[in-house]
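Trainee: I would like the atomic coordinates for the input below:
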Amino acid sequence: MTRVCVTGAAGFIGHHLVRFLKKRGCWVRAVDYRPPAYKVPADEVDWTCDLREPINALNALVDVDEVYHLAADMGGMGYISFHHFDILQNNLRINLNTARAVACLGVERLLFTSSACVYPEWLQDSSRAQGLREGDAWDGKPDTAYGIEKLTAEEMYLDTPRVQVRIARFHNIYGPEGDWDSGREKAPAALCRKVAEAKRAGEHSIEVWGDGEQTRSFCYVSDCLEMLYRLMRSEHSEPLNIGTDRAVSIDELAHVVSEAANWPVTLIHVPGPQGVRGRNADLTAMRKVLDYEPQVSLEDGIAETYAWIEEQVNATTAAK
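Mentor: Prediction:
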């Protein structure tokens with residue numbers, strides 16, 4: 001039985017990953033600095049494990065074979081656009097302590113979850129931006145401190161001795177049981193919440209940051225988990241894009257949400273953080289390494305996500 005530690009296990013992807021690994025017969029230790037909002041069926045848990053402290057990283061990773069390292073200070077554009085120093089400070093401490101612990105304890109494999117934010121801003125200045133290839137990362141400065149930190153951490157882990165490293169660069173993972181009203185939510189959850197609130201209030205308009213023409217690709221969480229597992233089991237030691245390559249505008253995404261809700265809305269464009277103008281993934285390497293094609297369409301994934309967020313909105317509103 002493979003003994004695994006999942007860091008950041010109280011988070012959106014983390015708690016889904018624990019369930020996924022348990023179904024595949026792994027022994028799982030789940031750690032985070034806060035308790036989860038949803039069920040995490042791990043064999044061992046520590047919800048007071050702040051990896052910014054070196055001793056906590058050592059305690060978390062002792063006696064495990066593999067680490068899925070998801071712990072990070074992060075969020076959507078509404079968060080990472082305004083908390084540069086905190087993100088740099090917190091995540092650099094988390095990753096330095098984790099890398100030291102892995103090297104000291106002789107962990108066999110570590111999978112680090114990086115981000116598409118590592119890619120240069122100049123390659124993403126058009127809504128028709130080309131698919132980003134893994135080798136593009138060092139061709140210019142990322143657009144956020146979050147991306148700079150992730151790129152730094154990638155290099156640190158690749159230089160960590162005595163451990164096999166896998167690096168996943170996430171492209172907008174979404175699904176149920178994630179942040180939807182905390183201020184850290186990403187575009188799919190934020191739009192689902194806005195449409196659900198409008199529907200409950202009987203209104204037919206929502207606000208969208210910017211002109212709505214900025215583009216992204218989105219990957220449903222179940223596809224993400226399968227790709228993470230395959231990457232960990234692979235012999236691929238270079239960074240790898242994890243996502244889909246269907247780019248849609250934020251306006252188009254809002255209309256997909258509206259269709260899922262069966263509630264027509266008019267989009268009102270307002271000032272707000274937008275990030276890069278266009279971002280999409282080149283999945284050539286991912287398809288070759290993982291022998292996998294994402295299975296869940298944007299329409300099906302948003303339908304599942306919207307249904308869950310609508311339940312949360314209705315329950316929260318009813319409780320007030």
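
Trainee: The nearest residue to Ala60 once chain neighbours are set aside - how many residues pack around it?
Mentor: The spatial neighbour of Ala60 that comes closest, neighbours along the chain excluded (CB to CB, 6 or more residues apart in numbering), is Val31 at 4.6 Å. Bear in mind the C-beta positions are built from the backbone N, C-alpha and C, glycine included. Neighbour count of Val31, defined by other CB atoms under 10 Å: 27.

Trainee: what sits against Val31?
Mentor: Val31 makes contact with Cys5, Val6, Thr7, Ala9, Val45, Asp46, Trp47, Cys49, Leu51, Ala60, Ala71 under the criterion CB atoms under 8 Å, 6 or more residues apart in numbering.

Trainee: now the nearest residue to Trp47 once chain neighbours are set aside: how far from Pro161?
Mentor: Nearest residue to Trp47, sequence neighbours excluded (CB to CB, 6+ apart): Pro35, at 4.2 Å. Here Pro35 is placed at a distance of 34 Å from Pro161 (CB to CB, to the nearest Å).

Trainee: quick one, domains of the chain?
Mentor: 3-173+219-242, 177-217+246-280+296-319 (automatic domain parsing).

Trainee: Which one, of the ones you listed, ends up nearest to Arg287?
Mentor: In terms of CB to CB, the element of the domains of the chain nearest to Arg287 is domain 3-173+219-242, at 10.0 Å.

Trainee: closest to Leu290 out of the domains of the chain?
Mentor: The nearest among the domains of the chain, by CB to CB, is domain 3-173+219-242 at 4.4 Å.

Trainee: Now the terminal residues of the closest one, how far apart.
Mentor: End-to-end span of domain 3-173+219-242 (CA to CA, to the nearest Å): 24 Å.

Trainee: Figure out how far that domain is from the centre of its chain.
Mentor: 9 Å (CA atoms, centre = their mean, to the nearest Å).

Trainee: can you tell which of the domains of the chain is closest to Met286?
Mentor: domain 3-173+219-242 (5.4 Å).

Trainee: now the helices: where do they sit in the stretch 151-300 of the chain?
Mentor: 187-201, 221-233, 250-261, 284-290, 298-319 (DSSP state H, counting those that start in this stretch).

Trainee: Pick the most deeply packed of these.
Mentor: Burial of the helices of the stretch 151-300 of the chain is given as mean neighbour count (mean count of other CB atoms under 10 Å); helix 187-201 ranks first at a mean of 22.

Trainee: Packing partners of that helix?
Mentor: If you count contacts as 3 or more CB pairs under 8 Å, 6 or more residues apart in numbering; DSSP states H and E, helix 187-201 packs onto strand 205-209, helix 250-261, helix 298-319.

Trainee: okay if I get those as a markdown table plus distance to Tyr79 and mean pLDDT?
Mentor: Shown next, in a markdown table, are these (distance: least, CB to CB, whole Å; pLDDT from 0 to 100):
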| stretch | distance to Tyr79 | mean pLDDT |
| --- | --- | --- |
| strand 205-209 | 13 | 96 |
| helix 250-261 | 17 | 98 |
| helix 298-319 | 18 | 95 |
